[in-house]
Structure formats: C-alpha cells, structure tokens
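> Generate a structure from the sequence data that follows.
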Amino acid sequence: MRLQVIVYEKDGSLVAEIYVENEEEIQNKIHESILELNRKWPTYKRIQRIFFRDSEFEKMTTKKIKRQ
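Below you'll find the model as predicted:
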C-alpha cells in the first residue's frame, strides 16, 4: 500500500490531499480518523476539507512531494 499526504491552507481553511493506492476501505478509515482528531484539536488546527486523489503526487528528484 502506498500512502501520500499533503496538508495546506486554501482560502482560510486547512485542506488535506491524500493519495492511497486502490483502497476504498482505507480511505474511509482515514476520513474517520481525521474527523476524530478534529474533535480533539483546537479550531485553528482542524482539517476542513479532505480530497482523495486518483494519482500520485508529482515528485522532485529527491522523491519529496512537489508543492504547487
């Protein structure tokens, strides 16, 4: 299983963009885990939007995710 995550701010909200290899069940678990963490975290740390990608993130030559 391959898992890649990037969290960034967009329009005043924290957004998590996630790639998981062909695992719908794992996507559901990740979504539930984020909701559970949001209940414990202060408002400014909460993730407001979650996107699941169909393809991996573009990477630099150092194999780090390239931010756009």
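> what's across from L3 in the sheet?
V20 (DSSP bridges).
> quick one: contacts for the residue at the greatest distance from the centre of the chain?
Computed with Cα atoms, centre = their mean, the residue of the chain farthest from its C-alpha average is T61, at 21.9 Å. For T61, the contact set (Cβ atoms under 8 Å, 6 or more residues apart in numbering) is empty. Placement of C-beta: from N, CA and C, glycine included.
> and if you look at E23?
M1.
> please renumber so the chain begins at 58
Right, with 58 as the first residue, what we last looked at is E80.
> Over to it: give its phi and psi.
The phi/psi pair for E80 (degrees, to the nearest 10) reads phi -130, psi 80.
> Would you check how far apart the closest residue to I91 other than its chain neighbours and T118 are?
Once flanking residues are discounted, I91 sits nearest to I104: 5.5 Å by Cβ to Cβ, 6 or more residues apart in numbering. I104 sits 29 Å away from T118, going by Cβ to Cβ, to the nearest Å.
> rewinding a little: within the helices and strands, which one has the residue farthest from the centre of the chain?
Taking DSSP states H and E as the criterion, no element holds T118; it sits outside all helices and strands.
> can you tell me how far it sits from R59?
For T118, the distance to R59 - Cβ to Cβ - is 19 Å.
> Next: N79.
9 Å.
> Ok, L71 next?
23 Å.
> Quick check on the two: which one has the bigger neighbour count.
L71 (17 against 9; other Cβ atoms under 10 Å).
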